[in-house]
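Undergrad: Make a model of this:
(2 chains)
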Protein chains: 2
Amino acid sequence: MDTPLDRLAEQFRRLPGIGIKTARKLAYYMVQQPPEKIEEFIAAIRDAKQKMCFCSICFNLSSQDPCPICSDDRRDHGVICVVETPQDVSAIERSGDYHGLYHVLQGALSPLDGIGVEDLRIKELLQRLQNTEVQEIILATDPDVEGEATALYLARLLKATGIRVTRIARGLPMGGDIEYADEATLAGAVANRQEM
Amino acid sequence: MDTPLDRLAEQFRRLPGIGIKTARKLAYYMVQQPPEKIEEFIAAIRDAKQKMCFCSICFNLSSQDPCPICSDDRRDHGVICVVETPQDVSAIERSGDYHGLYHVLQGALSPLDGIGVEDLRIKELLQRLQNTEVQEIILATDPDVEGEATALYLARLLKATGIRVTRIARGLPMGGDIEYADEATLAGAVANRQEM
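TA: Prediction:
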């Protein structure tokens, strides 16, 4: 039985991290909302889609171009942190410790998924590095296969520029447990050990 | 910083079972979808809201009135299974073992939340029982405080009709573990024990 409710559940199921049970729950919840709540939800989607754009400098999602980070003079314009997604920018901003700029690649190298160098904002990163005061590039791609490959590729590519290139540390997360840490994390944590 | 993206995340966060992290992820995902995917999503919401209505007999959500269950002559019109929500109907239908009718109360008695007898479809249930062939009413409200209170209330109310009233069994779920079962479930499972 394919009802409009099933079709709505199917739409919810396509969202990341939403399984079939949650999708059904959301569909039932949605149709039982008063019409004004539903219109509010739809307006928020339309508004976000319309007003959010990619910053033409760092390719972060923003409602302004250039984005508030790129146009903030109090930030350190000598450091660029290279990340995969706008969500990564938000996460690092929430940590509150970083005051440089960003560059959002909009993905990571993944030959299996057909994502190559030309699909990422790498050309634009190189353009940013011409005639600028950039002294350090921090590679903050994810510590997974695609992210590591992307970091390695960029490190080699950027060597020619003479700019210092660093990679965020791999190590044990706060609240982590050595006993249950995986080998790669533990190996990284030992290799990246620091003086106390 | 309150951007249209934050406002969309806030809308997602109001959905049941969606925390702030998932809400942010969904908002980012949504604005990065192509416009036609977004319109498809919005159309599914509008379509479901417009076409789904409550069956005037059993108060289940349906795109027809009466719903396909109430209008199905092959089903046993002598049994009515009383549930709290349309989702409960779906769950029991998926189990595939029940072939009677339903009555959706659209909630459970909860004085603390201000939900009383007149807020549920109890009056409509009593009306259904006049001049019908109903021989059994199965009370399938949730096995929690509100659901139990509702079942107890209905059992007393329906006694006058002379119709057989039963309550779904409490017991151990399939794949459950006696060692980790809570006391109420275990007590119910022992009390409801059956001949083998």
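Undergrad: Low-confidence bits of chain A, can you list those?
TA: Chain A contains residues with pLDDT under 70 at A:1.
Undergrad: domain parsing for it?
TA: As given by automatic domain parsing, the domain ranges for chain A are A:4-51, A:55-167.
Undergrad: Figure out how far the first one is from the centre of its chain.
TA: To tie it back to what came earlier, the one meant is domain A:4-51. In this view, domain A:4-51 has its centroid 24 Å away from the chain centroid, taken as C-alpha atoms, centre = their mean, to the nearest Å.
Undergrad: ok, it near chain B or not?
TA: Yes: Domain A:4-51 comes into contact with chain B (C-beta under 8 Å from any C-beta of the partner chain), by way of A:4-5, A:7-8, A:10-11, A:15-18, A:22, A:24-33, A:35, A:38, A:40-42, A:44-51. (Glycine included, C-beta is placed from N, CA and C.)
Undergrad: Buried among those? Need that as a selection in ChimeraX.
TA: Buried members of the residues of domain A:4-51 next to chain B, defined by 16 or more other C-beta atoms under 10 Å in any protein chain shown, are picked up in ChimeraX with:
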select /A:4,5,7,8,11,15,18,22,24,25,26,27,28,29,30,31,33,38,41,42,44,45,46,47,48,49
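Undergrad: Out of the residues of domain A:4-51 next to chain B, list just those in strands.
TA: Of the residues of domain A:4-51 next to chain B, none are assigned to strands by DSSP state E.
Undergrad: mind listing which of the residues of domain A:4-51 next to chain B are in helices?
TA: Counting by DSSP state H, the part of the residues of domain A:4-51 next to chain B found in helices is A:4-5, A:7-8, A:10-11, A:22, A:24-31, A:35, A:38, A:40-42, A:44-51.
Undergrad: Next secondary structure after the host helix or strand of A:Lys123?
TA: Element membership of A:Lys123, judged by DSSP states H and E, is helix A:122-129. For helix A:122-129, the following helix or strand on the C-terminal side (DSSP H and E) is strand A:136-139.
Undergrad: the longest strand in chain A is where?
TA: strand A:76-83.
Undergrad: got the angle for that strand vs helix A:122-129?
TA: Strand A:76-83 and helix A:122-129 are oriented at 170 degrees to each other (axes from the mean of the first three to the mean of the last three C-alpha atoms, to 10 degrees).
Undergrad: Nearest the geometric middle of chain A, what residue?
TA: Centroid-nearest residue in chain A: A:Thr85, 2.2 Å away (criterion: C-alpha atoms, centre = their mean).
Undergrad: Verify the contact between that residue and B:Tyr28 for me.
TA: Yes: using C-beta atoms under 8 Å, A:Thr85 makes contact with B:Tyr28 at a distance of 7.4 Å.
Undergrad: Mind listing the shared neighbours of those two?
TA: Taking C-beta atoms under 8 Å, 6 or more residues apart in numbering or on different chains as the contact rule, A:Thr85 and B:Tyr28 have no neighbour in common.
Undergrad: circling back: could you pull up the contacting residues of the residue nearest to the centre of chain A?
TA: Residues near A:Thr85 by C-beta under 8 Å, 6+ apart: A:Val104, A:Gln106, A:Gly107, B:Tyr28.
Undergrad: Quick check: it vs A:Ser110, distance?
TA: 13 Å (C-beta to C-beta, to the nearest Å).
Undergrad: ok so, going back, is chain B contacted by the longest strand of chain A?
TA: No: residues of strand A:76-83 are not located near chain B by C-beta under 8 Å from any C-beta, the shortest gap being 12.9 Å.
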